[in-house]
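In: sequence plus predicted model, see below.
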Amino acid sequence: MKRVLLVWHSQGGRTGRLAEAVAAGLAQAADEITVCNRQALQATTTELLEADGILIGTAEQFGYMSGAIKDFFDRTYYPAEGKMQGRPYGLFVCAGNDGQGAIVNVERIATGYGWKRALPPMLVKGEPTPEQLNAAEEWGATFAAGLSIGLF
C-alpha cells in the first residue's frame, strides 16, 4: 500500500477547504493508498520520509508560501536531504493575489528535496467556488490513482 502525506496550512479557512476536497479525492483510492493528513505545524520528518507521494497546500502570504509551510520545510529539509529522490508531489495554492510567488518558491524547495512534480499546481484565487472544490477533489483522486498504479 502506498502512502501520501498531505501537508497544508490555512489561516482563514480557504486553503483548508481545498485540503478537505483534495483529501476526499485521495479517499477514493483508500484500497490502494493510505493518507496522512496533517496541518503543517504538526507534520513530522518521519511522516515525510515514509511517504511515497507528497501533496502541499498553502495560502499565498505576502507573495510567498505560508509561514507554517516554510516551517515544515525548515524542519524536514536537512533530515530528509538525499533520501527522497524522485518522489512525486503536487502543490495547491489559495491566493489573494496571483499566487505565482508561492508556486515558484515551493517548486524551488521541492527541487532541492529531489521530488518530481506529478501534476500541475492547482491555483485558486479568492474564495474557492463549488466548481474549484470539485476540481480539487478530482486533482486529489488523479494523484492517488497515478501513485497507486506507478504512473508517478
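Out: Thanks, I have the structure now.
In: next, the residue nearest the centre of the chain: secondary structure please.
Out: Centroid check for the chain by Cα atoms, centre = their mean gives I56 as the closest residue, at 1.8 Å. Put simply, I56 is strand when judged by DSSP: H, G, I helix; E, B strand; the rest coil.
In: that one contacts W8, correct?
Out: Yes - with contact defined as Cβ atoms under 8 Å, I56 counts as touching W8 (7.1 Å). Backbone N, C-alpha and C define where each C-beta goes, glycine included.
In: find residues that contact each of the two.
Out: 69, 92 (Cβ atoms under 8 Å, 6 or more residues apart in numbering).
In: beta partners for the residue nearest to the centre of the chain?
Out: V7, L91 (DSSP bridges).
In: quickly note the distance from it to I149.
Out: 22 Å (Cβ to Cβ, to the nearest Å).
In: tell me where this protein has helices.
Out: Taking DSSP state H to define them, one finds helices in the chain at 14-27, 45-50, 67-80, 100-113, 130-148.
In: could those helices go into JSON lines alongside mean neighbour count?
Out: JSON lines is the format used below for the helices of the chain (neighbours: other Cβ atoms under 10 Å):
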{"stretch": "helix 14-27", "mean neighbour count": "21"}
{"stretch": "helix 45-50", "mean neighbour count": "16"}
{"stretch": "helix 67-80", "mean neighbour count": "18"}
{"stretch": "helix 100-113", "mean neighbour count": "17"}
{"stretch": "helix 130-148", "mean neighbour count": "19"}
